[in-house]
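Undergrad: Dropping a prediction and its sequence here:
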Amino acid sequence: QWQVVESGGGLVQPGGSLRLSCAASGFTLDYGAVAWFRQAPGKEREAILCITSDGEATNYADSVKGRFTISRDIAKNTVYLQMNSLKPDDTAVYYCAAQLYYCSEYVQPYDYWGQGTQVTVSS
């Protein structure tokens, strides 16, 4: 059974940084694509970044370009979301999601979701 578990959220001041982790189990990252989504109160869940089973990264959100990056550690079977220059608008619950091989910016293709981790950007 594929599973993904997020960690690393918290409260950070504007301009600060956080690194979120998505630990995968039941599959290896060379078979699964893993994406980061976020959902702010009253808004739809949106895709941010995704990394394919081949290690290719795709950015789906113009609002995070130049500030957020996605990476993975094959040995740890973990995907990371490095978030720099955080803004109050980045406040949301962040989710990682997995599916076989390919990335998508849509929620529906992803079969496996974590429970989410809260990121709050506030002074």
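TA: It's in.

Undergrad: Can you tell me the centre-most residue of this protein?
TA: residue 36 (2.3 Å; Cα atoms, centre = their mean).

Undergrad: Local confidence estimate at that residue?
TA: Per-residue pLDDT puts residue 36 at 98.

Undergrad: So it sits against residue 48, correct?
TA: Yes - counting by Cβ atoms under 8 Å, a contact exists between residue 36 and residue 48, whose distance comes to 4.6 Å. For glycine as for every other residue, the C-beta is placed from the backbone atoms N, C-alpha and C.

Undergrad: Identify the contacts common to these two.
TA: Common contact partners of residue 36 and residue 48 (Cβ atoms under 8 Å, 6 or more residues apart in numbering): 81, 94.

Undergrad: and residue 118, how many neighbours does it have?
TA: When neighbours are counted by other Cβ atoms under 10 Å, residue 118 registers 12.

Undergrad: In this structure it contacts residue 7, no?
TA: No - here residue 118 does not reach residue 7: they are 11.3 Å apart, not a contact under Cβ under 8 Å.

Undergrad: Which residues does stretch 101-112 contact?
TA: For stretch 101-112, the external contacting residues (Cβ under 8 Å, 6+ apart) are 2-4, 31-33, 35, 37, 45, 47, 50-53, 56, 58, 60, 97-99.

Undergrad: Please, where are all the strands along this protein?
TA: For the chain, the strands defined by DSSP state E cover 3-7, 10-12, 18-25, 32-39, 46-51, 57-59, 68-73, 78-83, 92-100, 112-113, 117-121.

Undergrad: so which of the ones you listed is the most packed in?
TA: Burial of these is given as mean neighbour count (mean count of other Cβ atoms under 10 Å); strand 32-39 ranks first at a mean of 24.

Undergrad: and that one with strand 18-25, angle?
TA: Per axes from the mean of the first three to the mean of the last three Cα atoms, to 10 degrees, the angle that strand 32-39 makes with strand 18-25 is 140 degrees.
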